[in-house]
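Novice: return atomic coordinates for the entry below.
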Amino acid sequence: MAGRTIDLEQEKELLHRAREGDEEAFRKIVNLHQRQVAATVMGMLGNCPEAEDVGQEVFIQFFRSLDRFRGESRIATYLTRIALNLAVNELRRRKKEKQLLAAGAEGWLKASTDSREEANDARRLIAQALQQLEPRFREVIVLRFLNGYSTEETARILKLPLGTVLSRLSRAQMKLREILLPLMGQEK
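Specialist: Down below sits the predicted model:
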């Protein structure tokens, strides 16, 4: 979720001002949500040159769609959906694996590690494993564990039934375990 939050009334006011052409209001919206958008994009694509481009494209598309945004969801939810769609489009364009995630594994790292080096190795392994997941599994992991959305919020963002999200989370975790255990020198 976004690091800095505003209440619904403040959000509506910023949105109204941005629609009226107030650049400062739009800049505030960007500042409030850029970390969340970056986390979503990097969670899907990893730390690669395309990630920054996709992150910028999220706000360009949002700006172009200001008049069409109905406000049925929070701006954060809408931006996350745009970010996921653009990231999936980027993944479709890719034919081979891209670079690893640079950040975001902290929330996922539950195992205790004895040193900074071991923690970095574990993050790299998790990043590699995430990149091996199909996008439909990766997006639920990114939203739920890296971005900290609840399962219900994840379902709402993805416009999926809660049961589907729970199923994908379960399958994604099993797949991650299958990928990670051999890399960590453990048997299944």
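
Novice: which stretches in this structure count as helices?
Specialist: Assigned by DSSP state H, the chain shows helices spanning 8-19, 23-45, 49-64, 75-93, 116-132, 135-141, 151-158, 162-183.

Novice: quick one: low-confidence residue ranges for the chain.
Specialist: Filtered on pLDDT under 70, the chain yields the residue ranges 1-4, 94-119, 184-188.

Novice: would you map out the domains in the protein?
Specialist: 1-99, 103-188 (automatic domain parsing).

Novice: the longest one: how far from the chain's middle?
Specialist: Spelled out, it's domain 1-99. With C-alpha atoms, centre = their mean, to the nearest Å as the basis, domain 1-99 stands 10 Å off its chain's centre.

Novice: closest to the centroid, which residue in the chain?
Specialist: Centroid check for the chain by C-alpha atoms, centre = their mean gives residue 40 as the closest residue, at 1.9 Å.

Novice: how close does that one get to residue 84?
Specialist: For residue 40, the distance to residue 84 (C-beta to C-beta, to the nearest Å) stands at 6 Å. The way it works is simple: take the backbone N, C-alpha and C, and place the C-beta from them, glycine included.

Novice: next, show the common contact partners of these two.
Specialist: residue 143 (C-beta atoms under 8 Å, 6 or more residues apart in numbering).

Novice: give the contact list for residue 165.
Specialist: By C-beta under 8 Å, 6+ apart, the neighbours of residue 165 are 140, 144, 151, 154-155, 158.

Novice: how about stretch 156-168: buried residues?
Specialist: Buried positions in stretch 156-168, judged by neighbour count with 16 or more other C-beta atoms under 10 Å: 156-158, 160, 165, 168.
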